[in-house]
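Student: okay, sequence plus prediction incoming.
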Amino acid sequence: MSDDKHTVQNMESVTFEEIQQIADHILAKVKCRPKLGIICGSGLGKLADMVEDKEVIPYNEIPGFPVSTVPGHAGKLIFGTLKDKSVVLMQGRVHCYEGYSPQKTVLPVRTMKLMGIKILFVTNAAGGINRNYSVGDMMVIKDHLNLSGVNPLVGVNDERFGPRFPPMSRAYDSELRKLALGIAKEMGFADFVHEGVYSMMIGPNFETVTECRLLSMAGVDATGMSTIPEVLVAKHCDMKVFGMSLITNKVIMEYDQETTANHEEVLETGEKRSKYTQQLIAELVKKLVI
Ligand SMILES: O=P(O)(O)O[C@H]1O[C@H](CO)[C@@H](O)[C@H]1O
């Protein structure tokens, strides 16, 4: 990352023209022209194995694109066909806690917009706050609570992306949520697929006990360190959004509990359970009318 741009409180901005250049650069390298984009969260990148006729571009080969630095995020753009639909997959994302400005963190989403993406699926690994959730469950996101203290829409608003004051009360498309829950039932997944509220704190530390108790009181079902900035800009630029969390661990709700949260457990659960997330996402893609 260049540093002089980072001087004003991490407010590095990225212009429409810069993003257009990145989108053009990518489109010049691939034949595929998808309308659906999918962001794969921690340990969820195996969805790429289901993509056929792949065209792959590592993030570090795209000038200006942020590069993933966290284990479980391969850092590749994968174009191809999933259930007969053209898609672009982000195999790994970047997070604000990696040191990227909020605007740089969401640059891939705006790039997708300028590449013609109309529908965005966001997935993540999250800690289960809801006491009825078990490790390995999935959660269709119905709403979010932004406790990260960051918002990529702060700064000069470029109307070519969207309005100054975008509504966020219907951020997660209700038809896609209904469709996903219906599919989960058909697939026999109903016992471990829930619908709930996701919250984000900026990280990179896992939450304190008091923070988790507060999230629980606030009606949060699962918590993580990503996704919300992506959803904010996706809605700002009028994309349809579907979100899904894999509950990779239960958060620590008791003071002085010996076990602690850790990224290894997150990746391990991803390894064991992401096949169900992949199957559900694939079925949803199959039934999607684009
Ligand atoms: O949200 P994703 O990218 O899935 O990753 C989650 O997993 C990591 C912590 O284990 C954090 O980055 C958290 O946000």
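Tutor: Perfect, thanks for sending it.
Student: this structure: strands as residue ranges?
Tutor: For the chain, applying DSSP state E gives strands covering 36-40, 52-58, 76-82, 85-91, 119-128, 138-146, 193-200, 222-224, 240-250.
Student: got the residues of this protein near the ligand?
Tutor: Contact residues (CB under 6 Å from any ligand atom) of the chain with the ligand: 41-42, 70, 93, 95, 124-125, 203, 224-227, 263, 266. C-beta: built from backbone N, CA, C; applies to glycine.
Student: ok, of those, which come out buried?
Tutor: 41-42, 70, 93, 95, 124-125, 224-227, 263, 266 (16 or more other CB atoms under 10 Å).
Student: in those residues, find the pair that's most separated.
Tutor: Thr227 and His263 (16.5 Å; CB to CB).
Student: shouldn't His95 be in contact with Met225?
Tutor: Yes: between His95 and Met225 there is a contact under CB atoms under 8 Å: 5.7 Å.
Student: intersection of neighbour lists for the two?
Tutor: Residues touching both His95 and Met225 (CB atoms under 8 Å, 6 or more residues apart in numbering) are Gly203, Pro204.
Student: in the chain, which residue sits nearest the ligand?
Tutor: Going by CB to the nearest ligand atom, the ligand is nearest to Gly41 of the chain, at 2.5 Å.
Student: what about that residue, distance to Lys29?
Tutor: The gap separating Gly41 from Lys29 is 25 Å, by CB to CB, to the nearest Å.
Student: helices and strands around the biggest helix by length in the chain, which ones?
Tutor: Taking DSSP state H as the criterion, the chain has its longest helix at helix 263-287. Helix 263-287 sits against strand 85-91, strand 119-128, strand 138-146, helix 174-186, strand 240-250, with contacts defined as 3 or more CB pairs under 8 Å, 6 or more residues apart in numbering; DSSP states H and E.
Student: now the angle from the shortest one to strand 119-128?
Tutor: So that's strand 85-91. 40 degrees (axes from the mean of the first three to the mean of the last three CA atoms, to 10 degrees).
Student: what strands flank strand 85-91, and is each parallel or antiparallel?
Tutor: Here strand 85-91 is paired, per DSSP bridges, with strand 36-40 (parallel), strand 76-82 (antiparallel).
Student: just the last one next, same as before
Tutor: Taking DSSP bridges as the criterion, strand 240-250 sits next to strand 119-128 (parallel), strand 138-146 (antiparallel) in its sheet.
Student: turn those strands into JSON lines, columns for mean pLDDT.
Tutor: Listed next are these as JSON lines, based on pLDDT from 0 to 100:
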{"stretch": "strand 119-128", "mean pLDDT": "98"}
{"stretch": "strand 138-146", "mean pLDDT": "98"}
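Student: most packed of these?
Tutor: Stretch with highest mean neighbour count among the strands paired with strand 240-250: strand 119-128 (a mean of 26; mean count of other CB atoms under 10 Å).
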